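S.K.: Test case, fold it:
(one chain, ligands or ions: 1)
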Amino acid sequence: MLEVKQVSKAYGKQQALKDIDWKVKQGEFWGVIGPNGSGKSTLLNLLSGTEMADSGEVLLLDKPIRSYRRKELSRRLAVLQQDGLPPVSFTVREVLEMGRYPFQNWRGADMDEHAEHILEDIMQRLDLTSLADRPLSSLSGGQRQRAALGKVMAQQPEIILLDEPTTFLDIRYQLQFMELVESWRQQDGLTVIAVMHDLNLASLYCDALLVLDRGHVAGAGCPQQLITPELIQRIFTVNAYSVPHPDHGEPQLLYRKGLSQTTPDEF
Ligand SMILES: Nc1ncnc2c1ncn2[C@@H]1O[C@H](COP(=O)(O)OP(=O)(O)OP(=O)(O)O)[C@@H](O)[C@H]1O
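M.R.: Below is the predicted model:
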């Protein structure tokens, strides 16, 4: 579905990504992990077409991402940021309608006769029905992030790119958010790529992880292969134990007190 071929990107002298190769298949749930400054957001920006690679290319369904028109790309791919929506005066329903942009004609009318039903269904799935007519400015951060997810769902994309989407959420809303994304993926075959800092959450929900380290791919595979004390020590220079989750066996990290003497740059 998505293919990154020999992609490099620099900002002036700062090399953000170097020779990245990566393939994502339809329906997969990828977590992109790595220390601060390792190139995660840059990679997401290249995938969404908001930035151009210096060399190499990003293909979406075998076609260069930069050859897509904006509306066409929006029907295939949606992006959700950390703080998905600002606390403005638009209501939840209005924000979801904005997500229908790729399906609106030049007069702004939705071309899908079932649009109303689609929005009602999304609000029900996300528990937003009772909030439909409330302005975003009156909602909590967690409720607003749910509305942001609703807007992205209204876009009916095939791929979603999430940039640390649970950063500002408490643990209950973090899990709720991941569950919602997971059930959307299972129901509609959605492909998910999420930049995540919470490695335990990534291990629980992602079926594959891409590990970035100073602009390079340091590993790509399932959490069982990658969430190991050795890799965490090498990439993050943090000491941790890895234990299988009692429910399903996904590796979970228990961090050890005291920092390692080595800093990432010394590797
Ligand atoms: N617009 C920019 N101008 C200059 N340098 C940039 C720019 N964007 C990113 N960089 C640099 O590129 C490198 C990768 O940054 P990027 O934001 O992709 O990392 P990240 O892994 O998303 O980091 P974080 O976890 O802190 O969000 C960093 O060294 C960063 O300073």
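
S.K.: packing partners for the longest helix belonging to the chain?
M.R.: Counting residues, the longest helix found in the chain (DSSP state H) is helix 171-188. Under the contact definition 3 or more C-beta pairs under 8 Å, 6 or more residues apart in numbering; DSSP states H and E, helix 171-188 sits against strand 29-33, helix 115-125, helix 141-154, strand 191-195, helix 199-205. Any C-beta I mention is one placed from the backbone N, CA and C, and that applies to glycine too.

S.K.: any idea which of these is most buried?
M.R.: Highest mean neighbour count of those: strand 29-33, a mean of 25 (counted as mean count of other C-beta atoms under 10 Å).

S.K.: Show residues contacting that strand.
M.R.: Contacts with strand 29-33, where a contact means C-beta atoms under 8 Å, 6 or more residues apart in numbering, come from 24, 40, 43-44, 181-182, 185, 191-197, 199, 202, 205-212.

S.K.: ok, the nearest residue to T129 once chain neighbours are set aside to the ligand distance?
M.R.: Of all residues not flanking T129 in the chain, M123 sits nearest, at 4.7 Å (C-beta to C-beta, 6 or more residues apart in numbering). For M123, the distance to the ligand equals 31 Å [C-beta to the nearest ligand atom, to the nearest Å].

S.K.: Does D133 touch E94 like I think?
M.R.: No. With contact defined as C-beta atoms under 8 Å, D133 does not reach E94; the gap is 9.2 Å.

S.K.: Out of the two, name the residue with the larger neighbour count.
M.R.: E94 (15 against 9; other C-beta atoms under 10 Å).

S.K.: In three-state terms, label that one for me.
M.R.: Counting by DSSP: H, G, I helix; E, B strand; the rest coil, the backbone at E94 sits in helix.

S.K.: any weak-confidence spans in the stretch 1-150 of the chain?
M.R.: For the stretch 1-150 of the chain, the stretches flagged by pLDDT under 70 are 84, 111.

S.K.: what does it put close to the ligand?
M.R.: Residues of the stretch 1-150 of the chain lying close to the ligand (C-beta under 6 Å from any ligand atom) are Y11, Q14, A16, G34, N36, G37, S38, G39, K40, S41, T42.

S.K.: the strands in the chain, which residues?
M.R.: Assigned by DSSP state E, the strands in the chain fall at 2-11, 14-24, 29-33, 55-60, 63-64, 77-80, 159-163, 191-195, 208-213, 216-221, 240-244, 251-255.

S.K.: ranking those by burial, who's on top?
M.R.: Among these, strand 29-33 has the highest mean neighbour count (mean count of other C-beta under 10 Å), at a mean of 25.

S.K.: end-to-end on stretch 94-103?
M.R.: This stretch, stretch 94-103, spans 15 Å end to end (C-alpha to C-alpha, to the nearest Å).

S.K.: for stretch 131-146, that is, sorry about that
M.R.: Start and end residues of stretch 131-146 are separated by 11 Å (C-alpha to C-alpha).
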